[in-house]
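Trainee: sequence first, then the predicted structure:
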Amino acid sequence: MARDLTSTLRMPPARVSPTKAAFSPTVMVAIIAMIVAALYFGQEILVPLALAILVSFALAPFVIRLRKWGLGRVPSVLAVVLLLFALLIGFGSVVAIQIVDLADNLPTYEYNIRNKIRSVKAAAPDGGVVERTSEMLRDLNQELKEATEDPVEGTVGRATPEGRLDVVEAVPVEVREPEPPPLQALQDVTGPLIGPLTTGGLVLVFVIFMLLQREDLRDRLIRLVGSHDVRRTTEAMDDAGQRISRYLLMQLIINILYGIPVGVGLYLIGVPNPILWGLLATVLRFVPYLGPAIAALFPIALSFAVDSGWTMPLLTIGLFLMLELFSNNVLEPWLYGSSTGLSPVAVIVAAVFWTMLWGPIGLLLATPLTVCLVVLGHHVPQLQFFDVLLGNEPALPAEVKFYQRMLARDPDEAAELAEEYIEDKPLADVYDAVIVPALGFADQDRLRGGLDREAVRGVSEDALEVIDYLAEEEITAEGPTDDGAAAVDRPSEETPILCIGARNCLDEAAAAMLAHLLARRGLSAKVLPNDVVSIRKLSRLERDGVTLICLSYVNPAAVQHARRLIRRLRQHFGPNVRLMVGLWNAELSDGEPQEVIAAMGADLLATSLRQGVRQVETEVKTAAPGDVPSSSAV
């Protein structure tokens, strides 16, 4: 029985699944290079398509809402597209009126600009940086002129019949280009607009088509990508749509809450055309990093030109700094949360990558496109590396990070991880979910030969140091603990309990955690190392007053060792002592605990510290009901 149970009792593996690659690294690099090349050389079609997908995600909820209200598919799409056109035309009209008004007033600001330049020059000390730089530039310009001109400027030599060279004045020559024909002038004006207008037209066609054929495109994508796993494909598509739509909605709300204060603030400061700058600030914030800077640059420059002093420019700069700090530190964390699922580093890397690939349009599309990659990595095992590299989920579970910090002999950071975990959960959960599994990983590495005795001892010492730190922090804290008891309870000396690390120092650290939890419940618990129950030293162990012994194992497969140790302890303490075995990392199904208890010859079995504390409290209550404080959740 014990042999069979030992083969089934195994610690669950660490919750870190390596990324799966369907191809070799060389083939994967070649595929990625081909995809990047296709994105670069096919941007004439791919950029409008990506913009159309982004706009479709933004408009799809409105189309769906109109269809639920009883409007047909085609009327719903046309109504939403026409509404979008109306908003764009209205926005463009307001911006155009404001720009014309600004252009009419610009000549009146020339005098203030000249005065400011003179004041800056006058404020610089004689022989200062500004003056020396100006003189240097003038000297360099003069030398370049002398090097490129003829020895005698404005003259030319002419040979006479006698062979002399007469110097005569040169005749100035002016080259005039003929006036371009009307068609050429029209082409020069409209040429730069052809590209953006073509892109806009393609985007419009794609958007209308995608909104009209949304369900058909979805079904075709499922057939093409994941007909063998419709559930996973549907989840991926829904996840991507929800994340991008939520991102666009939150971005719009943030931009509006940013643009309105910009317009109002500039109006109160006195900067001309505040409506124009508020609208531009709202729109330009859709472009990460670069957009807010451009939105602030123009009104700040205009404030320098308008005001004869320095009050208006300083107030304008202060307004934008205050709004940026408020938006970045209050609005965005509050409204965004984890809506996109991207890490901060991923946002920056994506912005750089897509900008280098597609220019300013790539910067606008960086976040939505990267969200799609993260969703693919989350749902497609072969692309899991996207989720690991770009997602905002922790790359390592808490217990693995804790174990890694103990391997690095960094108990301070390990304690910080435990403190972060304990902010939302009770201490018993921190022990059961973080520290005990970390000790189990160390024991697994020990059994495989990956850790020598000194390294195992170091892991145990660091774990004990973290436990002591958590106990000290709890004592110095004020108010109730997580279990509803007082912050510090005096342990009762009438019910001694022995918590023994059964096999090694890792088990001793687990026993220390159990003793700490029992002390929090007002129970007297004493931690003993494994060598005190060895055959040579067990006879020296005091037997008086011991009513309960708790054996701690971080290796759940130690059933045979527990059976031998329990037999030895019963011979020493007699049949009246109660024995509980803690297989802290074991996962048992229904019916298995009784089989394990029978195989080991124990009285009690616990697979978590929380469960062990409850069982110890029940045992002590049964022995002496009036001496133990009332129980509550640990």
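Mentor: Yes, it's here.
Trainee: please make it C-alpha for all contacts and neighbour counts, starting now.
Mentor: Fine.
Trainee: show me where the stretch 201-350 of the chain has helices.
Mentor: Ranges of helices in the stretch 201-350 of the chain, per DSSP state H, counting those that start in this stretch, are 214-226, 230-269, 274-284, 290-306, 311-326, 332-336, 344-358.
Trainee: shaky segments in the stretch 401-550 of the chain?
Mentor: Low-confidence segments of the stretch 401-550 of the chain, defined by pLDDT under 70: 473-495.
Trainee: any idea how this structure splits into domains?
Mentor: Following automatic domain parsing, one finds the domains of the chain at 46-116+196-212, 239-390, 401-623.
Trainee: sorry, back to before: select, out of the helices of the stretch 201-350 of the chain, the one closest to A38.
Mentor: For the helices of the stretch 201-350 of the chain, proximity to A38 was assessed by CA to CA; helix 344-358 is nearest, at 10.5 Å.
Trainee: picking that back up, now tabulate the helices of the stretch 201-350 of the chain in a markdown table and tack on distance to I435, mean neighbour count and mean pLDDT.
Mentor: Formatted as a markdown table, the helices of the stretch 201-350 of the chain follow (distance: least, CA to CA, whole Å; neighbours: other CA atoms under 10 Å; pLDDT from 0 to 100):
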| stretch | distance to I435 | mean neighbour count | mean pLDDT |
| --- | --- | --- | --- |
| helix 214-226 | 40 | 13 | 72 |
| helix 230-269 | 34 | 18 | 81 |
| helix 274-284 | 48 | 22 | 87 |
| helix 290-306 | 45 | 19 | 84 |
| helix 311-326 | 38 | 16 | 88 |
| helix 332-336 | 31 | 14 | 66 |
| helix 344-358 | 29 | 17 | 84 |
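Trainee: run the angle between the helix or strand P61 falls within and helix 230-269 for me.
Mentor: Taking DSSP states H and E as the definition, one finds P61 inside helix 43-68. Inter-element angle recorded for helix 43-68 and helix 230-269: 90 degrees (by axes from the mean of the first three to the mean of the last three CA atoms, to 10 degrees).
Trainee: ok, and for whatever helix or strand comes next after helix 43-68, which residues are buried?
Mentor: Remark: after helix 43-68, the chain's next helix or strand is helix 73-105, criterion DSSP H and E. Buried positions in helix 73-105, judged by neighbour count with 16 or more other CA atoms under 10 Å: R73, S76, V77, V80, V81, V95, Q98.
Trainee: can you tell me which residues contact the first one?
Mentor: Residues in contact with R73, defined by CA atoms under 8 Å, 6 or more residues apart in numbering, are V63, R67, L212.
Trainee: hmm, back to that, just the buried residues of helix 73-105 now: which is nearest R246?
Mentor: The closest of the buried residues of helix 73-105 to R246 turns out to be V80 (CA to CA; 18.5 Å).
Trainee: how about that closest one: what's its closest non-neighbour residue?
Mentor: The shortest distance from V80 to any residue other than its chain neighbours is 6.6 Å, reached at V63 (CA to CA, 6 or more residues apart in numbering).
Trainee: isn't that neighbour up against V77?
Mentor: Yes: counting by CA atoms under 8 Å, V63 sits close enough to V77 to count as a contact (5.9 Å).
Trainee: overlap in contacts of those two?
Mentor: Contacts common to V63 and V77, judged by CA under 8 Å, 6+ apart, are L211.
Trainee: and the residue most central in space within the chain, how close does it get to M34?
Mentor: With distances taken as CA atoms, centre = their mean, S343 lies nearest the centre of the chain, 2.3 Å away. From S343 over to M34 the distance is 26 Å, taken as CA to CA, to the nearest Å.
Trainee: and for V95?
Mentor: 42 Å.
Trainee: now do the SS call for L579.
Mentor: Under DSSP: H, G, I helix; E, B strand; the rest coil, L579 falls in the strand class.
Trainee: could you pull up the residues touching it?
Mentor: L548, I549, C550, L551, I566, A602, D603, L604.
Trainee: rerun at 10 Å
Mentor: Shown in contact with L579 (CA atoms under 10 Å, 6 or more residues apart in numbering): 498, 547-551, 566, 569-570, 601-605.
Trainee: kindly report the same for L369.
Mentor: Residues in contact with L369 (CA under 10 Å, 6+ apart) are A50, L54, A240, I244, A350, W354, G362.
Trainee: can you tell me the closest non-neighbouring residue to the second one?
Mentor: Okay, so that is L54. Nearest to L54 is P368, by CA to CA, 6+ apart, at 7.4 Å.
Trainee: picking that back up, need the contacts of L369 in CSV with distance to A562, can you?
Mentor: Shown next, in CSV, are these (distance: CA to CA, whole Å):
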residue, distance to A562
A50, 63
L54, 62
A240, 51
I244, 55
A350, 55
W354, 60
G362, 63
